[in-house]
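K.L.:
what follows is a protein structure lacking sequence information:
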């Protein structure tokens, strides 16, 4: 039903989400490994739920690396590539809700949300849109919503942070 | 200032290419409040593009009929209804009339609203009541009427609310609408929780600036062209992309989506700098409280 949303678009998905992969392919996207791409999606794996006083600094850092630092650096590289090509693009961050897990996730997701709002404006005139889905959902709605947000149908959606389910 | 030529502007597909198939709402009927013009008409057209039958409710039956004619031109079954959404009895009878004409209403778009730039101290009691109650009471009354009917039938449904981009920041020069539009967004989440057990989804689109023939904003001699460069996205919104996102939230493609408020504003609500032009109090702005009407 989402056929055509991403026809001819090259998308790179970092991290694992079968629903997003399936929805992108159904929408006509080419999933690219390396090389130029129009869409960059980063899916962070949810860290384990652990009370903050039981987290080692190493575990804390690993969550923040995956949930924040890698996303910023990857988005920055993608945006640089878009500018070099003179083309717009779409960034989508996908992960768990802010308060769903431990303090590491709360910090990473909060930072990511405001980063999303910031990059969405900084790169708006490069035609690069930046959005986030922070959710428990892993099924079809996630795939379809992700495909919609990186498609031209969401050309006026940027800097938006949203969930999917009631407890997101 | 025009948008510099080297900037890249993301644009949506044309109105003729909706994001969903023409039968995605087949067999369903939607009621759109304030559907005769502007953003409500855009919502109504988007539902019609997905095959829904469309009830257009409006305080002015003439305007509702005008909108209904334009929706009918897309090939949809339509029915125009006069309704003041602030009155529970009027809402109930509007649903009665809509269901008699089009069958059970399984989709609802709460769009009815009023808005105009005015200093807080100049908002009359009547103006405050009109703007806040059309949006706040109207959304509640229409949603509750809809839900009671869906629950009685043992069937789910979907509601979408037309909120605004300024709901999390305040809107100096527009206190009545600032309050009203945030209430719509925050009740969205709670209504979704109340009705999740009944399969009724409730979402909102917090819309930015989508100029249309009846906009209060952007009504100026030069038209809207000079306003494009104030939006980070480099343009004001195209009214059909708002209609599409609203309708999309009600499709089975987004079947798991509920309680969400999606901001669609081209980054308008997010633009700020540490150093900005001098602040001018709304009452001292040369062109009125919004600064440009």
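P.N.:
Received it, and whenever you're ready, just let me know what you need. Note that the coordinates shown come from a computational prediction; the quantities given were computed from them, not determined experimentally.
K.L.:
let me know the secondary structure of residue B:237.
P.N.:
coil (DSSP: H, G, I helix; E, B strand; the rest coil).
K.L.:
that one and chain A, how far apart?
P.N.:
5 Å (C-beta to the nearest C-beta, to the nearest Å). The C-beta positions use only the backbone N, C-alpha and C, and glycine is treated the same way.
K.L.:
quick check: pLDDT value at the residue of the stretch 101-250 of chain B at minimum distance from chain A.
P.N.:
Nearest residue of the stretch 101-250 of chain B to chain A (C-beta to the nearest C-beta) works out as residue B:232 at 3.6 Å. Note for residue B:232: predicted pLDDT of 97.
K.L.:
on the three-state scheme, it is what?
P.N.:
coil.
K.L.:
any idea how far residue A:120 is from residue B:268?
P.N.:
11 Å (C-beta to C-beta, to the nearest Å).
K.L.:
equivalent analysis for residue A:78, please.
P.N.:
In terms of C-beta to C-beta, residue A:78 sits 14 Å off from residue A:120.
K.L.:
of these two, who's got more company?
P.N.:
Neighbours per residue (other C-beta atoms under 10 Å in any protein chain shown) separate residue A:78 from residue A:120, with residue A:120 holding more: 27 against 24.
K.L.:
which residue is nearest the centroid of chain A?
P.N.:
Against the mean C-alpha coordinate of chain A, by C-alpha atoms, centre = their mean, the closest residue is residue A:93 at 1.4 Å.
K.L.:
quote the end-to-end distance of stretch A:62-78.
P.N.:
From its first residue to its last, stretch A:62-78 covers 22 Å (C-alpha to C-alpha, to the nearest Å).
K.L.:
contacts for it?
P.N.:
A:12, A:14, A:37, A:40, A:42, A:44-45, A:47, A:89, A:91, A:93, A:95, A:102, A:104-105, A:107-109, A:111-112, A:115, A:119, A:130 (C-beta atoms under 8 Å, 6 or more residues apart in numbering or on different chains).
K.L.:
can you do 6 Å?
P.N.:
Outside of stretch A:62-78, the residues within contact range by C-beta atoms under 6 Å, 6 or more residues apart in numbering or on different chains are A:40, A:42, A:44, A:47, A:91, A:93, A:104, A:108, A:111, A:112.
K.L.:
what's the most distant pair in those residues?
P.N.:
A:40 and A:104 (23.6 Å; C-beta to C-beta).
K.L.:
more neighbours: which of the two?
P.N.:
Remark: of residue A:40 and residue A:104, residue A:40 carries more neighbours, 27 against 23, as counted by other C-beta under 10 Å.
K.L.:
related to what we said a few turns ago, give me the beta-bridge partners of the residue nearest to the centre of chain A?
P.N.:
Taking DSSP bridges as the rule, residue A:93 bridges to residue A:42, residue A:132.
K.L.:
kindly report the same for residue B:57.
P.N.:
Bridge pairing for residue B:57 (DSSP bridges) gives the partners residue B:33, residue B:81.
K.L.:
ok, now which ones touch it?
P.N.:
Per C-beta under 6 Å, 6+ apart, neighbours of residue B:57: B:33, B:81, B:83, B:94.
K.L.:
ok, residue A:60 touching residue A:104?
P.N.:
Yes: using C-beta atoms under 6 Å, residue A:60 is in contact with residue A:104, at 5.2 Å.
K.L.:
list residues touching both of these two?
P.N.:
With C-beta under 6 Å, 6+ apart, residue A:60 and residue A:104 have no common neighbours.
K.L.:
give me the neighbour count for residue 133.
P.N.:
I'll assume chain A. Around residue A:133 there are 25 residues (other C-beta under 10 Å).
K.L.:
the chain in question should be chain B.
P.N.:
Going by other C-beta under 10 Å, the residues that sit close to residue B:133 add up to 19.
K.L.:
equivalent analysis for residue A:17, please.
P.N.:
18.
K.L.:
that one is in contact with residue A:43, isn't it?
P.N.:
Yes: taking contacts as C-beta under 6 Å, residue A:17 lies within contact range of residue A:43: 4.6 Å.
K.L.:
which residue ranges of the stretch 101-250 of chain B form strands?
P.N.:
Ranges of strands in the stretch 101-250 of chain B, per DSSP state E, counting those that start in this stretch, are B:105-110, B:157-164, B:200-207.
K.L.:
same question, chain A
P.N.:
For chain A, applying DSSP state E gives strands covering A:10-14, A:30-31, A:39-43, A:89-95, A:128-134, A:161-162.
K.L.:
biggest separation within the contacts of residue B:57, which pair?
P.N.:
Across the contacts of residue B:57 (C-beta to C-beta), the longest gap, 9.6 Å, separates B:33 and B:81.
K.L.:
okay, the two: which has more neighbours?
P.N.:
Between residue B:33 and residue B:81, residue B:33 has the larger neighbour count (other C-beta under 10 Å), namely 30 against 24.
K.L.:
which parts of chain A sit against chain B?
P.N.:
Selection of chain A residues close to chain B by C-beta under 6 Å from any C-beta of the partner chain yields A:1, A:88, A:117, A:120-121, A:124-127, A:137, A:141, A:144, A:152-153, A:155-160, A:162-164, A:166.
K.L.:
if any of the residues you listed are buried, give me the PyMOL selection for them.
P.N.:
Buried residues among the residues of chain A next to chain B (16 or more other C-beta atoms under 10 Å in any protein chain shown), as a PyMOL selection:
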select buried, chain A and resi 88+117+120+121+124+125+126+127+137+141+144+152+153+155+156+157+158+159+160+162+163+164+166
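K.L.:
any weak-confidence spans in chain B?
P.N.:
For chain B, applying pLDDT under 70 flags the ranges B:215-222, B:292-293.
K.L.:
chain B: helices as residue ranges?
P.N.:
B:38-49, B:61-72, B:88-102, B:125-132, B:138-153, B:175-195, B:239-248 (DSSP state H).
K.L.:
kindly report the same for chain A.
P.N.:
A:18-26, A:57-64, A:70-85, A:103-122, A:140-150.
K.L.:
most tightly surrounded among the ones you listed?
P.N.:
helix A:140-150 (a mean of 25; mean count of other C-beta atoms under 10 Å in any protein chain shown).
K.L.:
relative to chain B, which of the contacts of stretch A:62-78 is nearest.
P.N.:
residue A:91 (12.2 Å).
K.L.:
residues touching the closest residue in space to that closest one that isn't next to it in sequence, list them.
P.N.:
Leaving aside its sequence neighbours, residue A:91 sits nearest to residue A:130 (C-beta to C-beta, 6 or more residues apart in numbering or on different chains; 4.4 Å). Counting by C-beta under 6 Å, 6+ apart, residue A:130 touches A:91, A:116, A:119, A:120.
K.L.:
repeat the analysis, applying 10 Å as the threshold.
P.N.:
Neighbour list for residue A:130: A:40, A:75, A:78-79, A:89-93, A:115-124, A:157-161, B:267 [criterion: C-beta atoms under 10 Å, 6 or more residues apart in numbering or on different chains].
K.L.:
cool, residue B:164 as well?
P.N.:
So residue B:164 contacts B:113, B:115, B:135, B:171, B:174, B:177-178, B:180-182, B:184-185, B:204-209, B:263, B:265, B:269 (C-beta under 10 Å, 6+ apart).
K.L.:
fine by me, thanks again.
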